[in-house]
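# give me a 3D structure for the following:
(one chain, ligands or ions: 1)
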Amino acid sequence: MTTSVKICGLKTTDDVAAVAAAGARYAGLVFFAKSPRHLEIDQARNLALEIPEGVAKVALTVNADDATLDAITAQVPLDMLQLHGKESVERVQEVRARYGLPVMKAIGIADEADLAQISTYTQVADQLLIDAKPPKHADLPGGNGLAFDWRLLAGRRWATPWMLAGGLNPENVAEAIHLTGATQVDVSSGVESAPGVKNAKKIADFVQAATNPVPRF
Ligand SMILES: O=C(O)c1ccccc1NCC(=O)[C@H](O)[C@H](O)COP(=O)(O)O
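Numbering: from 1, shown residues only. As a prediction, this is how the structure comes out:
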């Protein structure tokens, strides 16, 4: 089975072109003001209109209220919502029902105790993003370029589709897939040349390494 790739935090039409050329399946648009990848709604709309069919447009929000989600979903053509904050099970259900879009819930993992969170959301989310838990005082709840111990996921399976994220890059993604059994992976910092600046070569190398994961270790 080939691995599906999500490139998160696109900001320019060059980023869109690089993602499409590389063969990624998902493109993430970040709505979080503190992030170097943040987009205003009109910017996101223009970018989303450039994303070709076959690449799913994912809007990433953090503890967003209905007014914020109403504004985003009214103006930006989308295929999925990614909830990357402390949204409860009930909030995930509400968002799914209100917008009629598939919802991907991010779960932060630092140690084995955090794995219980995954089972909590399997019944309500369409997808899960299993990511590194951010450091305590981090400005960003995701997109920090930090990995967790992938061995925590070894041999575990969930009925809900899931993506592996956190500190992935072209050099380590094959090993991460090998250790976790992930069939979907997500990356942001690992395909950038500076925070918020995507690099087309790194995007191509990442997709290549993820979709042809010949272990090099
Ligand atoms: O990317 C951001 O700036 C961001 C901001 C606020 C919440 C979440 C954010 N990113 C979430 C993602 O889906 C990232 O791709 C994921 O955390 C992996 O990031 P990285 O470790 O940098 O590859």
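
# near the ligand, which residues of the protein show up?
Contact residues (CB under 6 Å from any ligand atom) of the chain with the ligand: 8-9, 28, 30, 32, 35, 37, 60, 62, 84, 131, 140-146, 165-168, 186-190. Bear in mind the C-beta positions are built from the backbone N, C-alpha and C, glycine included.

# among those residues, name the ones in strands.
Among the residues of the chain next to the ligand, the members falling in strands are 8, 28, 30, 60, 131, 186-187 (criterion: DSSP state E).

# where along this protein do the helices fall?
In chain order, the chain shows helices spanning 13-22, 41-50, 66-75, 89-99, 116-122, 173-180, 200-211, with DSSP state H as the criterion.

# in a markdown table, list those along with mean neighbour count and mean pLDDT.
As requested, the helices of the chain are exported to a markdown table (neighbours: other CB atoms under 10 Å; pLDDT from 0 to 100):
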| stretch | mean neighbour count | mean pLDDT |
| --- | --- | --- |
| helix 13-22 | 18 | 98 |
| helix 41-50 | 16 | 98 |
| helix 66-75 | 14 | 98 |
| helix 89-99 | 16 | 98 |
| helix 116-122 | 15 | 94 |
| helix 173-180 | 20 | 97 |
| helix 200-211 | 20 | 98 |
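
# in a markdown table, list those along with distance to Lys105.
Listed next are the helices of the chain as a markdown table, based on distance: least, CB to CB, whole Å:
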| stretch | distance to Lys105 |
| --- | --- |
| helix 13-22 | 23 |
| helix 41-50 | 21 |
| helix 66-75 | 14 |
| helix 89-99 | 5 |
| helix 116-122 | 5 |
| helix 173-180 | 18 |
| helix 200-211 | 22 |
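
# not counting sequence-adjacent ones, nearest residue to the one residue in the chain that gets nearest to the ligand?
Ranking the residues of the chain by distance to the ligand (CB to the nearest ligand atom) places Gly143 first, at 2.2 Å. Distances taken as CB to CB, 6 or more residues apart in numbering place Ser188 nearest to Gly143, at 4.5 Å, with adjacent residues excluded.

# quick one, phi psi at that neighbour?
In this entry, Ser188 is assigned phi and psi values of phi -130, psi -80 (degrees, to the nearest 10).

# any idea how far it is from Lys201?
In this view, Ser188 and Lys201 are 16 Å apart by CB to CB, to the nearest Å.

# before we move on, what about Leu10?
With distances defined as CB to CB, the gap from Leu10 to Lys201 amounts to 16 Å.

# who touches the most centrally placed residue in the chain in this structure?
Central residue check for the chain by CA atoms, centre = their mean: the C-alpha nearest the mean position is that of Asp186, 4.9 Å away. Asp186 makes contact with 5-8, 26, 28, 129, 131, 163-165, 168 under the criterion CB atoms under 8 Å, 6 or more residues apart in numbering.
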